[in-house]
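K.L.:
Here is a sequence together with a model predicted from it:
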Amino acid sequence: MNSIPDCPWQVLLACLLLTPWLLAGCGDGRPQRVPVSGRVLIDGKPLEYGFLQVFQKGNRSASAQIGTDGRFTLTTFDKNDGCVPGKHRVAVLALKSLSETKTQWFAPKKYANVVTSGLEIDVRGERNDVEIHLTWQGSGHDKPYIEGTEVGVHP
């Protein structure tokens, strides 16, 4: 006597169609990301404070805190998961609010805006060697500076 029950063709077809999904495993439903890390330098020395953001049209941006040694590791969704492969425009936000009227800049303001920074990285796969080069040259400053604004003054 046969111990295997007859299997209708619909069940067999469903099993064949589902097998590739089961073998592939479950993804997180998010775009592919690759680990990316590196360092930010200003005039050849590590930038000691700030945040890095990378932007790619049509995808979520990735960001990282910059350590005192200038090192960073990008995060898009989960800590240190990297960024989506491709070309990314870069902004470096290296400022600290000291009070309601004073901001300390650790790098020139132009780098804080992706439109004016002029910075870009190309990510084709996992990278741990990205170097972002900044300079004070042409900014009107030669080192970190404090900028003040007047409270209650409207342009």
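P.N.:
Arrived safely, thanks for sending. Keep in mind the model is a prediction, meaning the values are calculated, not measured.

K.L.:
Could I get the contacting residues of the residue nearest to residue 118 when sequence neighbours are not counted?
P.N.:
Using Cβ to Cβ, 6 or more residues apart in numbering and skipping the chain neighbours, the partner closest in space to residue 118 is residue 110 (7.6 Å). Placement of C-beta: from N, CA and C, glycine included. Residues in contact with residue 110 (Cβ atoms under 8 Å, 6 or more residues apart in numbering) are 116, 117, 118, 139.

K.L.:
Can you check the pLDDT for the residue nearest to residue 148 when sequence neighbours are not counted?
P.N.:
The shortest distance from residue 148 to any non-neighbouring residue, by Cβ to Cβ, 6+ apart, is to residue 102 (5.1 Å). Residue 102 carries a pLDDT value of 94.

K.L.:
what stretches of this protein score poorly on pLDDT?
P.N.:
1-27, 150-155 (pLDDT under 70).

K.L.:
Against residue 141, how distant is the residue most central in space within the chain?
P.N.:
In the chain, the residue lying closest to the centroid (Cα atoms, centre = their mean) is residue 62, at 2.4 Å. Distance, residue 62 to residue 141, using Cβ to Cβ, to the nearest Å: 28 Å.

K.L.:
now do residue 118
P.N.:
Distance from residue 118 to residue 141, by Cβ to Cβ: 17 Å.

K.L.:
Between those two, point out the one with more neighbours.
P.N.:
Set residue 118 next to residue 141 and count neighbours by other Cβ atoms under 10 Å: residue 141 wins out with 14 against 10.

K.L.:
That one is in what secondary structure piece?
P.N.:
When elements are assigned from DSSP states H and E, residue 141 belongs to no helix and no strand.

K.L.:
My guess is it contacts residue 106. True?
P.N.:
No: Residue 141 lies out of contact with residue 106 (Cβ atoms under 8 Å); the separation is 10.6 Å.

K.L.:
Confirm residue 110 sits in a helix?
P.N.:
Yes: assessed with DSSP: H, G, I helix; E, B strand; the rest coil, residue 110 lies in a helix.

K.L.:
who's in contact with residue 70?
P.N.:
Contacts of residue 70 by Cβ under 8 Å, 6+ apart are 39, 40, 41, 45, 46, 47, 48.
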